[in-house]
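1. My questions are about this predicted structure, shown below with the sequence.
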Amino acid sequence: FGINTTVGLLGLWDAADHFGFEGHSEDFGQTLGVWGVDSGPYLVLPLLGPSTPRDLVGFGVDRALDPLT
C-alpha cells in the first residue's frame, strides 16, 4: 500500500509489482484459520449465504479495513 501510494502515483501504477511484491487474494478468515481459530458450525444466512462464524468475522474485518468500502 505504501509503495503504490507514494511511488505508484497514488495507486495509479502498480509499483509494488515492479519491485517484486506480488498481490494476494487471501482474506482475514483464512488468517484466523492459520492462527488456530476453529471454523465452528456451518451456517446458511439470508443474504450472506453459506459460511462459518470464523469466515463471518473475517468478512466483517475485510469490509471494515477495505479502503474502498
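-> Here it is on my side, so go on. Numbering: from 1, shown residues only.

2. From the centroid of the protein, which residue is nearest?
-> Against the mean C-alpha coordinate of the chain, by CA atoms, centre = their mean, the closest residue is Asp27 at 3.5 Å.

3. I'd like to know how far that one sits from Phe19.
-> Computed with CB to CB, to the nearest Å, the distance linking Asp27 and Phe19 is 24 Å. Placement of C-beta: from N, CA and C, glycine included.

4. show me the contacts for the residue nearest to the centre of the chain.
-> Taking CB atoms under 8 Å, 6 or more residues apart in numbering as the definition of contact, the neighbours of Asp27 are Asp55, Gly58, Phe59, Asp62.

5. Weed out the non-buried ones from these.
-> Asp55, Gly58, Asp62 (16 or more other CB atoms under 10 Å).

6. Of the residues you listed, which belong to helices?
-> Those of the buried ones among the contacts of Asp27 mapping onto helices are Asp55, Gly58, Asp62, per DSSP state H.

7. wait, the first one sits on Thr31?
-> Just to be clear, that refers to Asp55. No - with contact defined as CB atoms under 8 Å, Asp55 and Thr31 do not form a contacting pair (11.0 Å).

8. ok, back up a step: for the buried ones among the contacts of Asp27, give me CSV that also has distance to Val37.
-> Supplementary listing: the buried ones among the contacts of Asp27 in CSV, determined by distance: CB to CB, whole Å:
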residue, distance to Val37
Asp55, 10
Gly58, 9
Asp62, 15
